[in-house]
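Asker: sharing a sequence plus its predicted fold:
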Amino acid sequence: MKFGILINEGPYTHQASDTAYQFVKAALAKGHQIHRVFFYNDGVNNATKLTDPPQDDRNVVNRWSELSKEHKLDLVVCVAAALRRGIREDNLAVGFRISGLGQLIETGIQADRLVTFGD
Amino acid sequence: MSEEMSESGVVKKFMYVNRKAPHGTIYAQESLEVVLVAAAFDQDVSLAFIDDGVYQVVKGQDTKSVSMKNFSSTYRALDDYDINKLYVQKESMDARGLTEKDFLVPVEIKTAAELAALMGQQDVLLSF
């Protein structure tokens, strides 16, 4: 099955990004495809390369970057939501790209299931 | 992008489920931004307002004193984009002492059961 993923909450405060990450890993392990992971609302904060969590905690942002590299995941951050929150090309983590909301709608059209992680 | 999608001829049923009050969080405003972009994709779009989300389409909103953008008039513009299936959940409306006369756009009042049936017919549900 081809999944689209929508993440609407930022890292650490909320479980959304963690759960989405586990879901994507599990789906890929089962042989499913991930059409795209789209970051919206405070979810765009998952794409900043400036986070620096304590050593004994998971690194939510880097984990996405690594998974993207490993599986050629398309990680897309909504431009309007990103600019509102200070996420721009110059502080974007590896593997993410900034694009428009059209990419979310396109994901809904192309994917067999669009799964939302948020409040 | 929209042309590309039109050419593909895929039309899916998208429902936007709005659950939050309009100005306490950004969800209502950013949901509306998605709906406006979605309008260009020629999909079958509807909006549902449930829980505090019913307040999003209440008329007479005045946000000046809280320095928030009053985007409520945008709901009136949706009809220009052929988005005219707006559903308000009856139980949420009743629980908040609202009636059909309180809304700034034409809406259909649906019970939770009716709305659940409609949700069951959708291809994509986006919940904000």
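Answerer: Sure thing, it's come through.
Asker: B:Thr111 versus B:Val66, what's the distance?
Answerer: 33 Å (Cβ to Cβ, to the nearest Å). Bear in mind the C-beta positions are built from the backbone N, C-alpha and C, glycine included.
Asker: also A:Arg58?
Answerer: Per Cβ to Cβ, A:Arg58 is found 43 Å from B:Thr111.
Asker: assign the closest residue to B:Leu126 other than its chain neighbours to helix, strand or coil.
Answerer: Leaving aside its sequence neighbours, B:Leu126 sits nearest to B:Tyr16 (Cβ to Cβ, 6 or more residues apart in numbering or on different chains; 5.2 Å). At B:Tyr16 the chain is in strand, as set by DSSP: H, G, I helix; E, B strand; the rest coil.
Asker: try A:Leu6
Answerer: Under three-state DSSP, A:Leu6 comes out as strand.
Asker: got a list of what it touches?
Answerer: A:38, A:40, A:43, A:104, A:107, A:114-118, B:126 (Cβ atoms under 8 Å, 6 or more residues apart in numbering or on different chains).
Asker: and these, which is closest to A:Arg84?
Answerer: Within the contacts of A:Leu6, proximity to A:Arg84 (Cβ to Cβ) peaks at A:Tyr40, which comes in at 11.0 Å.
Asker: tell me which element the residue most central in space within chain B is part of?
Answerer: Nearest to the mean C-alpha position of chain B, counting by Cα atoms, centre = their mean, stands B:Leu47 at 3.5 Å. Using DSSP states H and E, B:Leu47 sits within strand B:44-49.
Asker: any bit of the helix or strand that that strand is followed by sitting next to chain A?
Answerer: Going down the chain from strand B:44-49, the next helix or strand is helix B:73-77, by DSSP H and E. No - Helix B:73-77 lies out of reach of chain A by Cβ under 8 Å from any Cβ of the partner chain, never closer than 14.4 Å.
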